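Novice: Give me a 3D structure for the following:
(one chain, ligands or ions: 2)
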Amino acid sequence: MTPDHRIHIDLGARSYDVLVGRGLLAETGSFVAEAFGGKTRGACVIVSDSNVGPLYRDAVESSLRSTGFTPTFIKVPAGEASKSMSCAETVCRQMAQAELDRGSFLVALGGGVVGDLAGYAAAIFFRGIPYVQIPTSVVAQVDSSVGGKTGVNMPEGKNLIGCFHQPRLVLADVETLRSLPDREYREGFAEVIKHAGIRDAGMVEMIDAAASVDDRSELGDLIARNIRIKAAVVMEDEQERSGTRALLNFGHTIGHAIESSAGYGALLHGEAISIGLAAALHLSRKFAGLSESDATTLITLLKKFELPLTLGPDVDDALILAAMRRDKKFDAGEIRFVLARAVGDAYVSDQVTWSDIEEAVAAVRAD
Ligand SMILES: NC(=O)c1ccc[n+]([C@@H]2O[C@H](COP(=O)([O-])OP(=O)(O)OC[C@H]3O[C@@H](n4cnc5c(N)ncnc54)[C@H](O)[C@@H]3O)[C@@H](O)[C@H]2O)c1
Ligand SMILES: [Zn+2]
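Specialist: Ligands and ions are numbered 1, 2, ... in the order given. Presented below is the predicted three-dimensional model:
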């Protein structure tokens, strides 16, 4: 079958394709064989979580098997807690027990948690084996499955351990979005709206229309458009050196601090990023000449996906600021803050001071 979209990520020897379409899972084996230059034999593992595994394991496993591969299934508990060193070790041990060799590969089937964890296991097992991402959440399809950032958390902070390890293939099957719980579905749109804000004003109408689709599997064009934005940024700055990749932090500087200050599970990542975007839009109005109507355009989209825009009384300003000061994104205390001049035109600024950030946090505080 031909996928609706094929997006080539050109990174020299680490290049790969992202395929977007409906019903791709049932064809996993042949897409994998194609990505591996015609290979149709050998051991592999499928890593998935306790929510996604029961829904989609069979389709992926039987397709790989009928192509000629011999998959072993590895299940991890659903949830962010699985992004840990101990879980990475468990996955690696199960890979060793499955008698993988250096020619074997891993398939990460699930949301961003599975993608980051399994990608990291693939990066360190035998000092790196190839892997395939099969993202099943909005966040994973438009963001985490593309770009090669893998890793796990530590009690001292999120994503503190990890490495760059690009996948060999990404299969984004939009039919899987149908089973995603509503809250997780909506939070993914914070990243979609972020992409429009940094690079693609033309996407605003599509996002607006997406708010009222009944069948989520109709979102392939929108998902592919987001992947193209992420891909362009990654191709310009694969390992976050030139600063281009930092644009993806739009809304995240304050958003991350809100997420960690709100207490575990109170706000999903995308919900915290939504408030972070509101704060970043406030600062963009102040420093970047962003018009009120452009700010309103993005705020209106966030509202359409029922994402929060203000801080509740249970999140303390001092905690948010302290979390920001600990953030690994701040090089030697210098604040590099992503601002937008207009929808689709973001840049990294060094103009923003701590007192501006305090002001922005106050601006998103509910009265
Ligand atoms: N590597 C990167 O560049 C990058 C970028 C963004 C986010 N991330 C990471 O991604 C993670 C968040 O990803 P996420 O939001 O996908 O979280 P997640 O993987 O925890 O998925 C959210 C929930 O939805 C369930 N789920 C996923 N797909 C489903 C489906 N199709 N049907 C039913 N249930 C489904 C999961 O089991 C989980 O309970 C975070 O750890 C974050 O740090 C990484
Ligand atoms: Zn994010």
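Novice: What is the helix or strand Ser48 falls within packed up against?
Specialist: Assessed by DSSP states H and E, Ser48 sits inside strand 42-49. Secondary-structure packing of strand 42-49 (3 or more Cβ pairs under 8 Å, 6 or more residues apart in numbering; DSSP states H and E): helix 52-67, strand 69-76, helix 85-97, strand 105-110, helix 112-124. Where C-beta positions appear, they are placed from N, C-alpha and C, glycine not excepted.
Novice: which of the ones you listed is buried the deepest?
Specialist: Neighbour counts (mean count of other Cβ atoms under 10 Å) averaged over each of the helices and strands packed on strand 42-49 peak at strand 105-110, with a mean of 29.
Novice: relative to helix 112-124, how tilted is that strand?
Specialist: Strand 105-110 runs at 170 degrees relative to helix 112-124, counting by axes from the mean of the first three to the mean of the last three Cα atoms, to 10 degrees.
Novice: and strand 105-110, which strands flank it?
Specialist: With DSSP bridges as the test, strand 105-110 is paired with strand 42-49 (parallel), strand 131-135 (parallel).
Novice: what's the angle from the longest one to helix 52-67?
Specialist: Angular relation of strand 42-49 and helix 52-67 on a 0 to 180 degree scale: 160 degrees, by the same axes, to 10 degrees.
Novice: Now do strand 42-49, average pLDDT.
Specialist: What strand 42-49 shows for mean pLDDT is 97.
Novice: Close to ligand 1: what parts of the stretch 151-300 of the chain are there?
Specialist: For the stretch 151-300 of the chain, the residues found near ligand 1 under the criterion Cβ under 6 Å from any ligand atom are Asn159, Thr176, Ser179, Leu180, Glu184, His269.
Novice: Out of these, which one has the lowest pLDDT?
Specialist: Asn159 (91).
Novice: Which of the helices or strands spans it?
Specialist: strand 157-164.
Novice: For the strand holding Ser48, C-alpha coordinates in PDB please.
Specialist: Output of strand 42-49 as PDB, limited to C-alpha atoms (Å, rounded to 0.1, in the frame of the first residue of the first chain):
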ATOM      1  CA  GLY A  42      15.700 -11.800  11.900                       C
ATOM      2  CA  ALA A  43      14.800 -11.300  15.500                       C
ATOM      3  CA  CYS A  44      13.200  -8.100  16.700                       C
ATOM      4  CA  VAL A  45      11.300  -6.800  19.800                       C
ATOM      5  CA  ILE A  46       8.100  -4.800  20.000                       C
ATOM      6  CA  VAL A  47       8.000  -2.500  23.100                       C
ATOM      7  CA  SER A  48       4.600  -1.200  24.100                       C
ATOM      8  CA  ASP A  49       2.700  -0.200  27.200                       C
END
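Novice: Show me what the helix or strand bottoming out on mean pLDDT in the chain is packed up against.
Specialist: Lowest by mean pLDDT, DSSP states H and E among the helices and strands of the chain is helix 317-326, with a mean of 88. Other helices and strands packing on helix 317-326, by 3+ Cβ pairs under 8 Å, 6+ apart, are helix 252-261, helix 354-363.
Novice: shaky segments in the stretch 151-300 of the chain?
Specialist: For the stretch 151-300 of the chain, the stretches with pLDDT under 70 are 264.
Novice: what about the residue in it that ligand 1 sits nearest to, how many neighbours?
Specialist: Distances between the stretch 151-300 of the chain and ligand 1 by Cβ to the nearest ligand atom are smallest at Ser179, namely 3.5 Å. The tally of other residues near Ser179 (other Cβ atoms under 10 Å) stands at 13.
Novice: Report the spatially closest residue to it, excluding sequence-adjacent ones.
Specialist: Spatially, and ignoring its direct neighbours in sequence, Ser179 is nearest to Leu55 (5.6 Å; Cβ to Cβ, 6 or more residues apart in numbering).
Novice: Pretty sure that neighbour sits against Leu180.
Specialist: No. Applying Cβ atoms under 8 Å, one finds Leu55 not in contact with Leu180, separated by 10.1 Å.
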